[in-house]
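Chemist: Everything below, folded, please.
(chains A and B)
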2 protein chains.
Amino acid sequence: MSFKIRLLQIADLQQESFYQTLSALRPIKKIADSLAEEIFNDCQKRGIETYVVLDKEKIVGTLRLLFESKFYHQGRLAAHIEDVATHADYQGKGVGRVLVQHAITVCRARACYKIILDCSDRVAPFYQKQGFVLHENCLRYDLDND
Amino acid sequence: MSFKIRLLQIADLQQESFYQTLSALRPIKKIADSLAEEIFNDCQKRGIETYVVLDKEKIVGTLRLLFESKFYHQGRLAAHIEDVATHADYQGKGVGRVLVQHAITVCRARACYKIILDCSDRVAPFYQKQGFVLHENCLRYDLDND
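Modeler: Predicted coordinates for the structure are as follows:
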């Protein structure tokens, strides 16, 4: 299949397919336009880049990149991959690979020195096939459990 | 010992003790003021918050927080802890604990739903003692190895 990839646009927030795609991570219904735009704008402000993969007009994949400038790398950026999701109807069709390869291309263009991501044992081999290596542990503190 | 904690200020970038502290992560010499300010400003722009622990005027600890607004948590923020370091002369004096507890307090005030960090097996027990749990794997792609 041939997919297009581009940055998430504000109009995408009205597409059911965006939320269907995110639902691969955890179930989510389409959210109110005003809240969706608030989240979109907050991410823009922070320089967070969300990409979407399209099959014609339908959103079938998404990935988010966070960047941070490091004091100990002469200001070079470290990138964090977050929220990689493929629409349930498009699993196993290479959407995830398109997303990760695009993220690597973007990060190389920004002269990032590394890309970091957190994932379960189940999906680690997918990333390892694309050149990622097991590096450290991801620990979590759940503030809703306080 | 009694420590003060506050946000990194632009004047701190001229303190050798800031770089001595970061050197606990990887050796770094004091960098040119102009570059240091560029990094500082880039982080400000992205809403990245760097905290420092002080013993009188000396910087003896640091920790960085990144935030991202999540579509599937009604826009609530996820926080990432990065670059936790204690000055070599202050190891074992509770500086790390002050930093992590402060980060938890800040994240709770921002209504974050989770805090994520990546760390080695060696330091995982330090975070586990403070309520973090082993969650996933951290994978890394090194762009300088291409």
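
Chemist: beta partners of the residue positioned nearest the centre of chain A?
Modeler: Central residue of chain A (Cα atoms, centre = their mean): A:Leu63, 1.8 Å from the mean position. Legend: beta-bridge partners of A:Leu63 under DSSP bridges are A:Tyr51.

Chemist: That one reaches A:His80, doesn't it?
Modeler: No: taking Cβ atoms under 8 Å as the definition, A:Leu63 is not a contact partner of A:His80, at 11.0 Å. From N, CA and C alone the C-beta is placed, and that goes for glycine too.

Chemist: hmm, back to that, need the contact list for the residue nearest to the centre of chain A.
Modeler: Shown here is A:Leu63, whose contacts under the criterion Cβ atoms under 8 Å, 6 or more residues apart in numbering or on different chains are A:50-51, A:81-85, A:99-100, A:102-103.

Chemist: Save these as a markdown table, and put in pLDDT and neighbour count too.
Modeler: Formatted as a markdown table, those follow (pLDDT from 0 to 100; neighbours: other Cβ atoms under 10 Å in any protein chain shown):
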| residue | pLDDT | neighbour count |
| --- | --- | --- |
| A:Thr50 | 98 | 21 |
| A:Tyr51 | 98 | 19 |
| A:Ile81 | 98 | 23 |
| A:Glu82 | 98 | 19 |
| A:Asp83 | 97 | 19 |
| A:Val84 | 98 | 22 |
| A:Ala85 | 98 | 25 |
| A:Leu99 | 98 | 23 |
| A:Val100 | 98 | 22 |
| A:His102 | 98 | 18 |
| A:Ala103 | 98 | 24 |
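
Chemist: Looking at those residues, which are in strands?
Modeler: With DSSP state E as the criterion, strands contain A:50-51, A:81-85 from among the contacts of A:Leu63.

Chemist: Next, give phi and psi for A:Glu38.
Modeler: phi -60, psi -40 (degrees, to the nearest 10).

Chemist: Which pLDDT value belongs to it?
Modeler: Among the per-residue scores, A:Glu38 holds a pLDDT of 97.

Chemist: wait, does stretch A:100-110 contact chain B?
Modeler: Yes: remark: stretch A:100-110 sits within contact range of chain B at A:104, A:107-108, by Cβ under 8 Å from any Cβ of the partner chain.
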